[in-house]
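1. Take a look and give me a structure for this.
(one chain, ligands or ions: 1)
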Amino acid sequence: TANTAGTASTGAIVRMSHNPISSPTDTPNFIDNEFLPSKATKWIPVCDPATNNLVTRVPQSTPEELSAAVVSAKKAFPAWRATSIIARQQILFRFTHLIKENWDRLAASITLEQGKTFKDARGDVLRGLQVAETACGITTQLPGEVLEVARDMETRSYREPLGVVAAICPFNFPAMIPLWCVPIAVVTGNTMILKPSERDPGAALILAELAREAGFPKGVFNIVHGSVDTVNFILDEPAIRAISFVGSNRAGEYIYARGSANGKRMQANLGAKNHAVLLPDADKEAALDAIVGAAFGAAGQRCMALSVLVTVGESSTYIPDLIEKARALVVSAGFEKNADVGPVISPESKARIESLIASAERDGATVVLDGRGFKPDNYPKGNFVAPTVITNVRTNMECYREEIFGPVLVCISVQTLEEAIQLLNANEYGNGACVFTTSGVSASYFQKNVEAGQVGINVPLPVPLPMFSFTGNKKSIAGGGANTFYGKPGLAFYTQQKMVTSLWRRDNVDTGKQVVMPSHL
Ligand code: NAD
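-> Numbers count the residues shown, from 1 in each chain. As a prediction, the model looks like this:
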């Protein structure tokens with residue numbers, strides 16, 4: 001691969017290879033439409049997961065920098081909410097156009113910092129872009145309702161912006177998750193402070209550069225960095241009215257509780273353990289291809305990755321074929337053209353995944369395909385784990401209970417569809433679930449009875465397109481799933497409802513003091 005290294009105007013290094021960068025540039029904050037170098041004393045290294053070469057350093061933004069972002073977003077809000085919706089829409093149109101023009105650049109930043117294959121990184125950008133494109137339809141999505149509720153009296157509903165809002169993002173979709181939040185929040189008239197994952201902030205910074213170029217005024221979209229200190233600042237800052245969080249349960253349950261206690265509107269999508277149920281009447285080849293792709297694609301680091309396979313009856317005899325398909329996947333660095341599976345995010349993550357595989361062995365499961373210790377040619381220092389398949393798993397084992405977040409598929413066999421559904425519903429997570437079958441009767445029974453936010457029928461990664469909402473069930477979503485991302489609920493999340501009841505003509509109405517509740521009858 002050619003080294004096309006270069007420094008973008010963001011200061012973030014963007015290049016199309018894993019070659020070492022001689023002098024990595026530190027990641028700046030983005031405040032008031034300016035990329036500002038941080039005065040941080042604490043820095044977090046970001047390394048290319050395929051090589052562990054240093055790519056950039058991310059600041060723990062200082063308290064002054066965090067406050068400056070809030071001042072900027074607060075100052076921008078009155079003029080931005082007063083900007084006509086058509087003008088805001090035009091800027092969003094330009095933003096989506098620029099994302100398309102910079103698609104490869106965004107994807108390259110993702111592959112370099114996050115590790116996923118370049119093709120998959122393009123998909124990361126696309127799924128976020130689609131949310132932004134859908135938000136361009138705001139002029140038909142935002143109108144309220146009106147009804148004449150009594151003679152000459154009417155009630156109208158409005159959706160108004162909240163003010164300053166914030167988003168706290170995970171590492172696994174560096175473009176998609178910021179784009180689940182930013183377009184909807186800003187087109188509805190809010191101003192946004194985004195904290196990307198400290199492990200891969202590059203794509204978010206490119207998005208900020210494109211937002212500025214598209215014409216978003218100063219302060220409408222700001223980026224600050226860091227880990228727990230920045231999150232705590234956001235949770236406690238009175239000016240921030242709503243917070244979107246996507247990430248693990250460990251962080252998210254705390255964030256949801258503290259933000260809610262501070263009176264903020266919260267939405268929080270959390271961890272997962274997604275099951276696929278394979279019935280013996282499924283189209284075997286198509287089902288196995290789908291399961292392998294969804295279990296090992298993105299090295300299993302998707303919240304919708306399939307991490308448990310439940311075989312029903314004789315479909316357990318398909319496992320050897322599944323292993324062959326998994327073994328055939330090419331594990332290599334993300335810019336390598338033939339790579340199917342890239343590295344995992346960090347050496348710590350690799351060690352954690354490998355120790356969970358070891359725990360399965362200790363607990364009496366069988367590691368039938370072992371990806372531990374895998375080193376692809378030319379990348380001996382990367383955080384690689386090759387596809388791993390574990391059978392004879394029981395639900396009390398750590399490898400079943402924990403979200404592994406790596407290319408590991410654990411397999412359990414049961415005898416009936418009913419047993420499979422009971423097993424899924426007993427799991428504390430409820431993000432995604434899918435069934436592979438050619439029977440409409442089985443599929444509809446599964447669909448109706450399974451407790452999961454996203455259900456796939458012969459579809460392994462049923463991530464809803466943005467005209468629907470990304471939801472969740474049980475432990476996979478905080479607050480019982482009342483506030484979900486994008487779609488109609490996403491729009492509702494970033495807007496405050498207002499109901500106006502008006503009466504202009506008084507000649508038809510009884511005058512005088514009414515001390516009983518008006519009934520309008
Ligand atoms: P993470 O929880 O470690 O980090 C997410 C964000 O929280 C980051 O910005 C991080 O800085 C912050 N954070 C981390 N620990 C914190 C703490 N102790 N206190 C305060 N803030 C903290 O998650 P991750 O590893 O970046 O992402 C992977 C997780 O995200 C997986 O569990 C995955 O299932 C989940 N995820 C869920 C969805 C969904 O829609 N349900 C989508 C993508 C990822």
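
2. what ranges do the strands span in the stretch 251-400 of the chain?
-> 265-269, 274-278, 306-312, 366-369, 388-391 (DSSP state E, counting those that start in this stretch).

3. Distance across stretch 512-519, terminal residue to terminal residue?
-> 16 Å (Cα to Cα, to the nearest Å).

4. Could you tell me how far that stretch lies from the centre of the chain?
-> 50 Å (Cα atoms, centre = their mean, to the nearest Å).

5. what do you get for stretch 228-235?
-> 19 Å.

6. Out of the strands of the stretch 251-400 of the chain, which gets nearest to the ligand?
-> strand 265-269 (3.3 Å; Cβ to the nearest ligand atom). In this view, the C-beta of every residue, glycine as well, is placed from N, C-alpha and C.

7. Which elements pack onto that closest one?
-> In terms of contacts (3 or more Cβ pairs under 8 Å, 6 or more residues apart in numbering; DSSP states H and E), strand 265-269 is packed against strand 240-246, helix 249-261.

8. Adding distance to the ligand, write the ones you listed out as JSON lines.
-> Output for those, formatted as JSON lines (distance: least, Cβ to the nearest ligand atom, whole Å):
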{"stretch": "strand 240-246", "distance to the ligand": "5"}
{"stretch": "helix 249-261", "distance to the ligand": "3"}
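
9. Return the most buried member of these.
-> Comparing the helices and strands packed on strand 265-269 by mean neighbour count (mean count of other Cβ atoms under 10 Å), strand 240-246 comes out on top with a mean of 25.

10. Ile91 and the ligand: what is the separation?
-> Ile91 sits 26 Å away from the ligand, taking Cβ to the nearest ligand atom, to the nearest Å as the criterion.

11. so how far is Leu210 from that residue?
-> 11 Å (Cβ to Cβ, to the nearest Å).

12. check contacts around the closest residue to Leu279 other than its chain neighbours.
-> Once flanking residues are discounted, Leu279 sits nearest to Thr437: 4.1 Å by Cβ to Cβ, 6 or more residues apart in numbering. By Cβ atoms under 8 Å, 6 or more residues apart in numbering, Thr437 lies in contact with Leu279, Asp281, Ala282, Ala443, Phe446, Ile457, Asn458.

13. Looking at the residues you listed, spot the one nearest Lys75.
-> Lys75 lies nearest to Ile457 out of those, by Cβ to Cβ, at 49.4 Å.

14. Run through the bridge partners of that closest one.
-> Assessed by DSSP bridges, Ile457 has beta-bridge partners Val435.

15. Burial check on it, number of neighbours?
-> For Ile457, the neighbour count with other Cβ atoms under 10 Å is 15.

16. my guess is Tyr400 meets Val393, correct?
-> Yes: counting by Cβ atoms under 8 Å, Tyr400 does reach Val393; the two are 5.4 Å apart.

17. Please identify every residue contacting each of these two.
-> Going by Cβ under 8 Å, 6+ apart, residues that sit against Tyr400 and also against Val393 are Val308, Val410, Ile412.

18. Kindly calculate the angle that the lengthiest helix in the chain makes with strand 240-246.
-> In the chain, with assignment by DSSP state H, the single longest helix is helix 63-82. Calculated by axes from the mean of the first three to the mean of the last three Cα atoms, to 10 degrees, helix 63-82 forms an angle of 100 degrees with strand 240-246.

19. now the angle between helix 63-82 and the next helix or strand after helix 63-82, please.
-> Once the chain leaves helix 63-82, the next helix or strand it forms, by DSSP states H and E, is helix 85-101. Angle, helix 85-101 to helix 63-82, by the same axes, to 10 degrees: 120 degrees.

20. Wasn't Ala30 part of a strand?
-> If you look again at residue 30, you'll see it is Phe, not Ala. Yes: checked against DSSP: H, G, I helix; E, B strand; the rest coil, Phe30 lies within a strand.

21. hey, what's it bridged with?
-> Phe35, Ile223.

22. Show the model's pLDDT score for it.
-> pLDDT for Phe30: 98.

23. That one - how many residues pack around it?
-> With other Cβ under 10 Å as criterion, Phe30 counts 28.

24. For the residue most central in space within the chain, list the residues it contacts.
-> Residue closest to the mean C-alpha point of the chain, counted by Cα atoms, centre = their mean, is Ile177 at 3.9 Å. Going by Cβ under 8 Å, 6+ apart, Ile177 touches Gly128, Ala167, Cys169, Pro170, Val246.

25. Looking at these, which are in helices?
-> Gly128.

26. How much space separates the residue nearest to Leu279 from the ligand?
-> From Thr437 to the ligand the distance is 25 Å (Cβ to the nearest ligand atom).

27. ok, for the residue of the stretch 51-200 of the chain found nearest the ligand, nearest residue in space, not its chain neighbours?
-> The nearest approach of the stretch 51-200 of the chain to the ligand comes at Pro170, 3.1 Å away (Cβ to the nearest ligand atom). Spatial nearest neighbour of Pro170, excluding adjacent residues (Cβ to Cβ, 6+ apart): Gly247 at 4.1 Å.

28. Same check on Ala132?
-> Per Cβ to Cβ, 6+ apart, closest to Ala132 is Pro183, 4.0 Å.

29. and that neighbour, how many neighbours?
-> 30.

30. May I have the helix or strand hosting it exported as PDB, CA atoms only?
-> Assessed by DSSP H and E, Pro183 sits inside helix 176-187. In PDB, the C-alpha atoms belonging to helix 176-187 read as follows (Å, rounded to 0.1, in the frame of the first residue of the first chain):
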ATOM      1  CA  MET A 176     -21.900   6.400  12.400                       C
ATOM      2  CA  ILE A 177     -22.700   7.100  16.100                       C
ATOM      3  CA  PRO A 178     -21.700  10.800  15.900                       C
ATOM      4  CA  LEU A 179     -24.000  11.000  12.900                       C
ATOM      5  CA  TRP A 180     -26.900   9.300  14.800                       C
ATOM      6  CA  CYS A 181     -26.800  12.400  16.900                       C
ATOM      7  CA  VAL A 182     -25.400  15.600  15.300                       C
ATOM      8  CA  PRO A 183     -27.600  16.000  12.200                       C
ATOM      9  CA  ILE A 184     -30.900  15.600  14.100                       C
ATOM     10  CA  ALA A 185     -29.800  17.700  17.000                       C
ATOM     11  CA  VAL A 186     -28.600  20.600  15.000                       C
ATOM     12  CA  VAL A 187     -31.200  20.700  12.200                       C
END
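
31. so it versus strand 265-269, what angle?
-> Using the same axes, to 10 degrees: helix 176-187 against strand 265-269 is 160 degrees.

32. The helix or strand just after helix 176-187 pairs with which strands?
-> Where DSSP H and E defines the elements, the next helix or strand beyond helix 176-187 is strand 191-195. In the sheet, strand 191-195 lines up against strand 164-168 (parallel), strand 221-223 (parallel) (DSSP bridges).

33. hmm, who's touching the longest one?
-> The reference is to strand 164-168. 70, 73-74, 77, 177-178, 181-182, 185, 190-195, 231, 234, 239-247, 255, 494.

34. my read: Ala268 touches Arg258, true?
-> No: Ala268 is beyond contact range of Arg258, at 11.2 Å (criterion: Cβ under 8 Å).

35. And the residue nearest to Leu279, its phi and psi?
-> Dihedral pair for Thr437: phi -160, psi 160, per degrees, to the nearest 10.

36. now Lys42
-> Note on Lys42: backbone dihedrals following degrees, to the nearest 10 are phi -110, psi 130.

37. of all the residues in the stretch 351-500 of the chain, which ones are close to the ligand?
-> Glu403, Phe405, Asn431, Phe470, Gly472, Ser476 (Cβ under 6 Å from any ligand atom).
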